[in-house]
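A.B. asks: Sequence and predicted model, in that order:
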Amino acid sequence: TTRRSTAAKSAKSRIAVVGAIAVAGTLLLSGCGDQTKDKGAPAGSAKGAPLAAKLPKELRDKGVITVGSDIAYAPVEYKDKSGNTAGIDPDLAAAMGKQLGVKFEFQNGTFDTLITGLRSKRYDIAMSAMTDTKDRENGVDPDTGKKVGEGVDFVDYFNAGVSVYTPKGKTQGIKTWDDLCGKKIVVQRGTTSHDLAKTQAKKCPSGKKLAIESFDDDQQAQTRLRAGGADAGSSDFPVAAWAVKTSGGGKDFQIVGDQVMAAPYGIAVAKGNTQLRDALQAALNAVIKNGEYDKIVAKWGVEAGAVKEASLNGGK
């Protein structure tokens, strides 16, 4: 599974990079995989919450929606200086919580285990810059084309493409994915960047192999690139732009070329849990309508990815 998109059918298609992350600060990020709880998004209360009745009764009674998330992917979700979960997703979850009268409790996990966590009911939802794709919706492994699970439904809430970045001043002429042939790229395991790299590697001519090194989280990939262990890295545009802005005070990396594979982020919900899925869609649309959504994306400098309404299963 990938955080962004899977099938890289149109890796050469691209959209212009627009906007930049208009935030600064030092990242103190937690490692993935510790499965720790984080109170993150503040609670709403059922009293005065206009959409509370739309939730399944067990969630209303519990007052908490458990969220599986890879909390090391700034600015979408990450740990701030105080150790609290911060970012686009937690802010949106907090706004939705006001509408539904519950708290969204983020639990940290490695990205490629989040859908499995949904199946095992460890989480109620997964919200982690996860791209809505037909493979994910249908439970299909993008590498083998084989069905490996029942799939999930998505409530789509944001659009993002994938970017490539290099050490600052050391681009080696890299502008497109084709330019990566003969080079080494670092990526987070199970992401669209990982899928795109594997697809590109198959296209590279003999004698110009694309070497790929994958990691549990994006911070590990960035560390490897920063240390000179690779020629380039790749991640979603908001994350790449944040890394360029903040790593080494803006002196470590630079984005090269244009975004590719623009696609929707979705909140993943287990198949059959339609009441929760529809409640989340209603809450997101309420947040969009009342203006909180626009304030949140503006806060994080990602207005270019904003949507006008929350849709269901809009991936390709």
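C.D. replies: Great, that's in hand.

A.B. asks: Kindly export stretch 66-82 (C-alpha atoms) in CSV.
C.D. replies: Listed in CSV are the C-alpha atoms of stretch 66-82, where the atom choice follows Å, rounded to 0.1, in the frame of the first residue of the first chain:
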residue,chain,number,x,y,z
THR,A,66,-9.2,6.0,16.9
VAL,A,67,-7.0,7.1,14.0
GLY,A,68,-4.2,5.1,12.5
SER,A,69,-1.5,7.5,11.2
ASP,A,70,2.2,7.6,10.3
ILE,A,71,3.0,10.6,12.5
ALA,A,72,6.3,11.5,10.8
TYR,A,73,5.2,13.2,7.6
ALA,A,74,5.3,16.9,8.2
PRO,A,75,3.4,19.0,7.5
VAL,A,76,0.5,16.5,7.1
GLU,A,77,1.1,14.9,10.5
TYR,A,78,4.1,15.1,12.8
LYS,A,79,5.2,15.7,16.4
ASP,A,80,5.7,19.3,17.4
LYS,A,81,8.3,20.6,19.9
SER,A,82,6.0,19.6,22.8
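
A.B. asks: ranges for the strands of this structure?
C.D. replies: Secondary structure of the chain, counting by DSSP state E: strands at 14-15, 37-38, 64-69, 78-79, 85-86, 103-108, 125-126, 152-167, 184-188, 211-215, 232-236, 253-270, 311-312.

A.B. asks: Show me what the last one is packed against.
C.D. replies: Taking 3 or more C-beta pairs under 8 Å, 6 or more residues apart in numbering; DSSP states H and E as contact, the helices and strands that strand 311-312 lies on are strand 152-167, helix 274-289. From N, CA and C alone the C-beta is placed, and that goes for glycine too.

A.B. asks: Next, the buried residues of the last one.
C.D. replies: Residues of helix 274-289 classed as buried by neighbour count (16 or more other C-beta atoms under 10 Å): 276-288.

A.B. asks: Next: stretch 141-161.
C.D. replies: Applying a neighbour-count criterion of 16+ other C-beta under 10 Å, one finds 142, 149, 151-161 buried in stretch 141-161.

A.B. asks: again with stretch 101-121
C.D. replies: Using 16+ other C-beta under 10 Å, the residues of stretch 101-121 that count as buried are 101-118.

A.B. asks: re the thing from before, looking at the strands of the chain, which is buried most?
C.D. replies: Each of these was assessed for mean neighbour count using mean count of other C-beta atoms under 10 Å. The highest is strand 232-236, with a mean of 28.

A.B. asks: Are there helices or strands packed against it, and which ones?
C.D. replies: If contacts are counted by 3+ C-beta pairs under 8 Å, 6+ apart, strand 232-236 sits against strand 152-167, strand 184-188, helix 192-203, helix 218-226, helix 237-246.

A.B. asks: Need those in TSV (columns: distance to G272 and mean pLDDT).
C.D. replies: What follows is the helices and strands packed on strand 232-236, written out as TSV (distance: least, C-beta to C-beta, whole Å; pLDDT from 0 to 100):
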stretch	distance to G272	mean pLDDT
strand 152-167	9	96
strand 184-188	29	97
helix 192-203	26	94
helix 218-226	32	96
helix 237-246	31	90
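
A.B. asks: follow-up on the earlier one: between the strands of the chain, which gets nearest to V302?
C.D. replies: Closest approach to V302 among those (C-beta to C-beta): strand 152-167, 7.6 Å.

A.B. asks: What pairs with the closest one, parallel or antiparallel?
C.D. replies: Paired neighbours of strand 152-167 in the sheet (DSSP bridges): strand 232-236 (antiparallel), strand 253-270 (antiparallel), strand 311-312 (antiparallel).

A.B. asks: give me the beta-bridge partners of T166?
C.D. replies: The residues that T166 bridges to, once DSSP bridges is applied, are Q254.

A.B. asks: Next, find the distance separating it from G228.
C.D. replies: In this view, T166 and G228 are 11 Å apart by C-beta to C-beta, to the nearest Å.

A.B. asks: again, but for K308
C.D. replies: Relative to G228, K308 is positioned 43 Å away (C-beta to C-beta).

A.B. asks: quick one on the thing from earlier: just give me the lowest mean pLDDT stretch among the strands of the chain.
C.D. replies: Note on the strands of the chain: strand 14-15 shows the lowest mean pLDDT, a mean of 36.

A.B. asks: Fine by me, thanks again.
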